[in-house]
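> 3D model of this:
(chains A and B)
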Amino acid sequence: MSRRILAAGDGAKRSSTVVMGAALAMLALAACTSTAPPPPGQGGQGGPIQVQASDTACEVSATEAPAGNIAFAVQNSGTKITEFYVSGTGDRIIGEVENIGPGLSRQLIVEVPQGGQYTTACKPGMVGDGIRAPFTVTGNTAGSTSQDAVLASAVAGYQRYTNSQIEAGIARTQEFVDAIKAGNVEQAKALFPVSRTYWERVEPVAESFGDIDPRVDGREDDERDPGVAWTGYHRLEKDLWVTGLQPDSAAMGDQLMADLRDLQARAATVALTPVQLANGAKELLDEVATGKITGEEDRYSHTDLWDFRANVDGSQAAVAALRPAIDQRDPALGPTLDQRFADVDALLEQYRSGDGFVLYTQLTEQDKQRMTQAIDALGEPVSQVAGLVTA
Amino acid sequence: MTRSGLRGVSRRRLLGWTGAGAALAGAGAVAGFAAGESASDAPPDPSGGVVPFRGPYQAGIVTPAQDRLHFVALDLTTTDRRAVISLLQRWTTAAERMTAGAEAAPGGAVNRNPEAPPSDTGEALGLPAAALTITFGIGGSLLDKLGIPRPPELADLPPFQQDQLDPALSGGDLCLQACANDPQVAVHAVRNLVRTGFGTTSVRWSQLGFGRTSSTSTAQQTHRNLFGFKDGTNNLKAEEGALLDEHVWVPPPQGPSWMVGGTYLVARRIRMHVETWDRTSLAEQESLTGRTKGEGAPIGQAQEFDLPNLAPDSPIGPDAHIRLASAQNNGGAKILRRGYNFVDGSDGLGHLNAGLFFVAFMRDPHRQFVPMQSQLARFDKMMEYIDHTGSAVFAVPPGLGDGAYWGRTVLEG
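Presented below is the predicted three-dimensional model:
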């Protein structure tokens, strides 16, 4: 949670709804996850492309498909929760399925109107860059590359990202809440930073609903109206790490789930603008600078680096969605952004511990300096995106 | 001349801009403030005007010392030479603009896309150029990182007795010395250059200063340091061209060609324990210094600029500060001092974190500063009242001709 609330103005919503409508009509770039069978004709030989995702491999049954709707059926044969991604230039994610548990199958339909080189990736354990492979899309389908259409597809693409993140976050947070209700403190502690990851990736969207953010991510010392209780992740964090589970901890968990479902319902209908995407990317890095590198956010659990990683993920997703628009306007900025995101990724990897990260309390002053430098280096070019996409 | 996002037309005319997007035509249009004068012999009136950015020597060395300082040392965060060159080009453009009283970049603080962050941070809007100078220096560690041989003069300083150096306040790959007669103008300059550097450089340390402790022109009165004494009476002066050539500017036979006409900058952050000094008797203070506190005359003389009697039997003691630091005591070596007082808040123990940020320019730190500081560190009784807490040496290349950028001759050979 940031101390600044980003309000989505009604006027902005109205005008961008029009843009979004145009985007969906053109189907310039859209993907959806579904458990229903794909319409006939999608994917390689008339059926979905099969993806066998294990803990160590990502076997994709075809490496090429014609432009248009491409369907993937992802089967998790491993022991870890996995994710599957299809991405384009600059790691721009054009479709993903999150939170595929061991033994489960999920389907992904990606709309790829333009031929070219893409990448598929499975992410067992949901960490790192994943197990990647090149994927070729041949031919082209009708689609506009006008600036408006490019921006509209950026918004639509990011909207899908947001919705899938919230969906996955609800599932993981339910596990966290279940552990609390079962009185399993150690399991709940392990799930706390993982369940927050999805929230932290889409935080600017959540913050655009001014009332949800304080309920889900408020701190003990935030100002609240009289009679309003401190709720959300950090209240449960304190219960787990400091005070021990309380009589109302289970009720707090239920409240958190209700608030996340509220977010899900509202996020599904919100109309974002390209500027909100760009500013969201910047604000996520501001969050890192003021909340994570300072250890402010997760002051009881010290799991700030999980949130750091998630904020950068979310920033990169928003920037990647806008990438075609960025490339149209300033061809030099994209490669700079790629490099700076890669620098931050490389730095964070040095603080990996298992599937997670070292605790904030284990960081030295020099570690924090290096993180600050990397975020400063990334934040400046990211701050240029909003101006660029409105130029 | 004022910085103003709303009054750009008059500024553009003054600067000789030819239109939107055009580069600065050069500092010639603003050099009227110093018409017909070269940087080395009769510098411009610094009261609030514009000090020429380009010339045979960098500004901010023999420029009459402005009242305020913001000095920053930066480290490279990359070893990509192209990235460094790109930054130095952007720095040069921004620095030239700001010293002329303009905003750091076209568009500036307010006249741009409202959805974009302003290209200038804005706190100097409406302020005059305030004689801003920005002096650029290169640390030996930068040359090491980029595989460029260090001039021998840029070797690290040896440790001195009683050094209390904090690595976080020492060294640096690059330095920028911003001096102005308005502290906000100096801070604005450094802040915008630091911002430009993100991704290529990061701040290692930075120091604010006030109340110039040295006069660098005969037209200037001698200021006082925080011990209350005049500081820099016997300093090299801008008008002393022959002495500057002898002691400050690197001559053609010395070192790499990119340093000819340049100089070396030694910075020392000297914490002064003003509380204990203030309990010291006037006689003791004057004896330690070797000068009277009021007039600033050498002990035994009447006037500030009277020559000190440094004969062995003179009233100036063997361990007086001015004797130990004198040219006579150091093989004739002189330096151009350009230091500033500082008070960085308090030290958490109830004392002011105060002192002198010593900045000096010279041809060779190892022949000029090192012998002098060795003497002072060993014998100067004033050391009981001071700690050297930071230290750095930088190569300051010569001034820029039209179209040149900082460091070009170093990085492009």
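
> what does chain B put close to chain A?
B:Thr77, B:Arg112, B:Asn113, B:Glu115, B:Ala116, B:Pro117, B:Arg195, B:Phe198, B:Gly199, B:Thr200, B:Ser202 (CB under 8 Å from any CB of the partner chain). Every residue, glycine included, has its C-beta placed from N, CA and C.

> list the ones among the residues you listed that fall in strands.
B:Ser202 (DSSP state E).

> how is the nearest residue to B:His351 once chain neighbours are set aside assigned, secondary-structure-wise?
Leaving aside its chain neighbours, B:His351 sits nearest to B:Glu275 (5.3 Å; criterion: CB to CB, 6 or more residues apart in numbering or on different chains). Following DSSP: H, G, I helix; E, B strand; the rest coil, we place B:Glu275 in the helix state.

> need the nearest residue in space to whichever residue of the stretch 51-200 of chain B sits closest to chain A, chain neighbours excluded.
Across the stretch 51-200 of chain B, the shortest distance to chain A (CB to the nearest CB) belongs to B:Ala116, at 2.3 Å. Spatial nearest neighbour of B:Ala116, excluding adjacent residues (CB to CB, 6+ apart): A:Gly387 at 2.3 Å.

> the helix or strand hosting that neighbour packs against which elements?
With elements taken from DSSP states H and E, the one containing A:Gly387 is helix A:385-389. If you count contacts as 3 or more CB pairs under 8 Å, 6 or more residues apart in numbering or on different chains; DSSP states H and E, helix A:385-389 packs onto helix A:274-287, helix A:304-329, helix A:333-349.

> just say helix, strand or coil for B:Asp344.
Secondary structure state of B:Asp344, per three-state DSSP, is strand.

> which strand or helix spans B:Phe210?
strand B:201-212.

> with just CA atoms, put that strand into CSV.
Coordinates of the C-alpha atoms in strand B:201-212 are reproduced here as CSV (Å, rounded to 0.1, in the frame of the first residue of the first chain):
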residue,chain,number,x,y,z
THR,B,201,26.2,6.9,-11.9
SER,B,202,25.1,6.9,-8.3
VAL,B,203,26.0,9.4,-5.6
ARG,B,204,28.8,8.3,-3.4
TRP,B,205,28.9,11.3,-1.1
SER,B,206,28.0,15.0,-1.3
GLN,B,207,28.9,18.1,0.7
LEU,B,208,27.2,21.4,1.1
GLY,B,209,29.3,24.4,1.9
PHE,B,210,28.8,28.1,2.8
GLY,B,211,31.0,31.1,3.5
ARG,B,212,33.9,30.5,1.2
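
> so for that strand, what's the average pLDDT?
In this model, strand B:201-212 has a mean pLDDT of 95.

> what's the next secondary structure element after that strand?
Later in the chain than strand B:201-212, the nearest helix or strand by DSSP H and E is helix B:241-247.

> next, the buried residues of that following helix.
B:Leu244, B:His247 (16 or more other CB atoms under 10 Å in any protein chain shown).

> what angle sits between the helix or strand following it and strand B:201-212?
The element immediately downstream of helix B:241-247 (helix or strand, assigned by DSSP H and E) is strand B:263-272. Here the directions of strand B:263-272 and strand B:201-212 differ by 70 degrees (axes from the mean of the first three to the mean of the last three CA atoms, to 10 degrees).

> pull up the pairing partners for strand B:263-272, direction included.
Paired strands of strand B:263-272, with direction, are strand B:352-362 (antiparallel), strand B:386-396 (antiparallel) (DSSP bridges).

> how far away is the residue nearest the centre of chain B from A:Ala65?
Relative to the mean C-alpha position of chain B, the nearest C-alpha, by CA atoms, centre = their mean, is the one of B:Gln177, at 5.0 Å. With the distance defined as CB to CB, to the nearest Å, B:Gln177 ends up 60 Å from A:Ala65.

> name the nearest residue to B:Val187, sequence neighbours excluded.
Spatial nearest neighbour of B:Val187, excluding adjacent residues (CB to CB, 6+ apart): B:His70 at 5.1 Å.

> hang on, the earlier thing: the strand holding B:Phe210 pairs with which strands?
Sheet pairing for strand B:201-212, using DSSP bridges, gives strand B:68-76 (antiparallel), strand B:340-346 (antiparallel).

> rebuild those as JSON lines, extending it with distance to B:Asp402 and mean pLDDT.
Compiled in JSON lines, those are given as follows (distance: least, CB to CB, whole Å; pLDDT from 0 to 100):
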{"stretch": "strand B:68-76", "distance to B:Asp402": "26", "mean pLDDT": "98"}
{"stretch": "strand B:340-346", "distance to B:Asp402": "31", "mean pLDDT": "97"}
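
> so which of the ones you listed gets nearest A:Pro113?
strand B:68-76 (42.9 Å; CB to CB).

> in JSON lines: the residues of chain B next to chain A, plus neighbour count and distance to A:Glu223.
Putting the residues of chain B next to chain A into JSON lines (neighbours: other CB atoms under 10 Å in any protein chain shown; distance: CB to CB, whole Å) gives the following:
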{"residue": "B:Thr77", "neighbour count": "20", "distance to A:Glu223": "38"}
{"residue": "B:Arg112", "neighbour count": "18", "distance to A:Glu223": "35"}
{"residue": "B:Asn113", "neighbour count": "13", "distance to A:Glu223": "34"}
{"residue": "B:Glu115", "neighbour count": "17", "distance to A:Glu223": "30"}
{"residue": "B:Ala116", "neighbour count": "19", "distance to A:Glu223": "32"}
{"residue": "B:Pro117", "neighbour count": "14", "distance to A:Glu223": "28"}
{"residue": "B:Arg195", "neighbour count": "16", "distance to A:Glu223": "32"}
{"residue": "B:Phe198", "neighbour count": "22", "distance to A:Glu223": "33"}
{"residue": "B:Gly199", "neighbour count": "22", "distance to A:Glu223": "37"}
{"residue": "B:Thr200", "neighbour count": "21", "distance to A:Glu223": "40"}
{"residue": "B:Ser202", "neighbour count": "20", "distance to A:Glu223": "35"}
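
> quick check: which ranges of the stretch 301-413 of chain B have low pLDDT?
Scanning the stretch 301-413 of chain B for pLDDT under 70 picks out the ranges B:413.

> so the closest residue to A:Asp129 other than its chain neighbours bridges to which residues?
Once flanking residues are discounted, A:Asp129 sits nearest to A:Ala121: 7.0 Å by CB to CB, 6+ apart. Applying DSSP bridges to A:Ala121 gives these bridge partners: A:Tyr85, A:Arg132.

> how long is stretch B:294-303 end to end?
Taking CA to CA, to the nearest Å, stretch B:294-303 runs 10 Å from one end to the other.

> again with stretch A:220-237
Start-to-end, stretch A:220-237 (CA to CA) is 11 Å.

> now what about it, what contacts it?
A:176, A:180, A:188, A:192, A:195-196, A:199, A:214-219, A:238, A:249, A:252-253, A:255-256, A:259, A:297-298, A:300-301 (CB atoms under 8 Å, 6 or more residues apart in numbering or on different chains).

> list the ones among those that fall in helices.
A:176, A:180, A:188, A:192, A:195-196, A:199, A:214-217, A:238, A:249, A:252-253, A:255-256, A:259 (DSSP state H).

> check contacts around the closest residue to chain A within the stretch 201-350 of chain B.
Nearest residue of the stretch 201-350 of chain B to chain A: B:Ser202, at 4.3 Å (CB to the nearest CB). Each residue near B:Ser202 by CB under 8 Å, 6+ apart is listed here: A:Gln369, A:Thr372, A:Gln373, A:Asp376, A:Ala377, B:Leu74, B:Asp75, B:Thr77.

> which one of the residues you listed is nearest A:Gly169?
Out of the contacts of B:Ser202, the member with the shortest distance to A:Gly169 (by CB to CB) is A:Thr372, at 27.7 Å.

> just give the nearest non-adjacent residue to B:Pro151, would you?
Per CB to CB, 6+ apart, closest to B:Pro151 is B:Gly255, 4.1 Å.

> now do the same contact list for that neighbour.
By CB under 8 Å, 6+ apart, B:Gly255 lies in contact with B:Pro151, B:Pro152, B:Glu153.

> excluding chain neighbours, what is closest to the last one?
Take B:Glu153 and drop its neighbours on the chain: the residue closest to it by CB to CB, 6+ apart is B:Asp364, 4.7 Å away.
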